[in-house]
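A.B. asks: starting from these lines, generate the structure:
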Amino acid sequence: MGVEGENHIISGDVISLRENLAAKIPGSNTWSAQQAVEGICRLEHLSLLLNAGILPSHDITEWEKFKKIPEGYRRRKKSIYFNREVFLKWSTP
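C.D. replies: Below is the predicted model:
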């Protein structure tokens, strides 16, 4: 996910909280603790390769750092996906 020049990796269920990332602690609903820690290490490695931050998916304090609608972020390009009129035209029965 790219936001105004910054790249972020959304971790999904691999990393729930920032503390899980810092201490390499697997989540509580993990099927295999070893595979969970390996997943955390893979995401850390990928973030270094891509020069991207990791966004833990269930950490509300991390999500609160991002702007919300309506202030949002500046659009990079005009796109049909952001065109309200087109969206309303195709989403209304």
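A.B. asks: can you give me the buried ones in the longest helix anywhere in the chain?
C.D. replies: Identified as the longest helix of the chain according to DSSP state H is helix 33-50. By neighbour count, and taking 16 or more other CB atoms under 10 Å as the criterion, the buried residues in helix 33-50 are 36, 37, 39, 40, 43, 47. Heads up, the C-betas are built off the backbone N, CA and C, glycines and all.
A.B. asks: next secondary structure after the lowest-mean-pLDDT helix or strand in the chain?
C.D. replies: Per-element confidence for the chain was summarised using mean pLDDT, DSSP states H and E. The lowest value among helices and strands belongs to strand 2-3, with a mean of 52. Using DSSP states H and E, the helix or strand that follows strand 2-3 towards the C-terminus is strand 6-10.
A.B. asks: quick one: residues in contact with the helix or strand following that next one.
C.D. replies: In the C-terminal direction, the helix or strand that comes right after strand 6-10 (DSSP H and E) is helix 18-23. With CB atoms under 8 Å, 6 or more residues apart in numbering as the test, helix 18-23 has contacts from 11, 15, 25, 26, 27, 40, 44, 54, 56, 59, 61, 62.
A.B. asks: show me where pLDDT drops low in the chain?
C.D. replies: Residues of the chain that meet the criterion pLDDT under 70 lie in 1-5, 70-93.
A.B. asks: how many neighbours does residue 17 have?
C.D. replies: As a burial measure, the neighbour count of residue 17 was computed by other CB atoms under 10 Å and equals 18.
A.B. asks: thanks a lot, catch you later.
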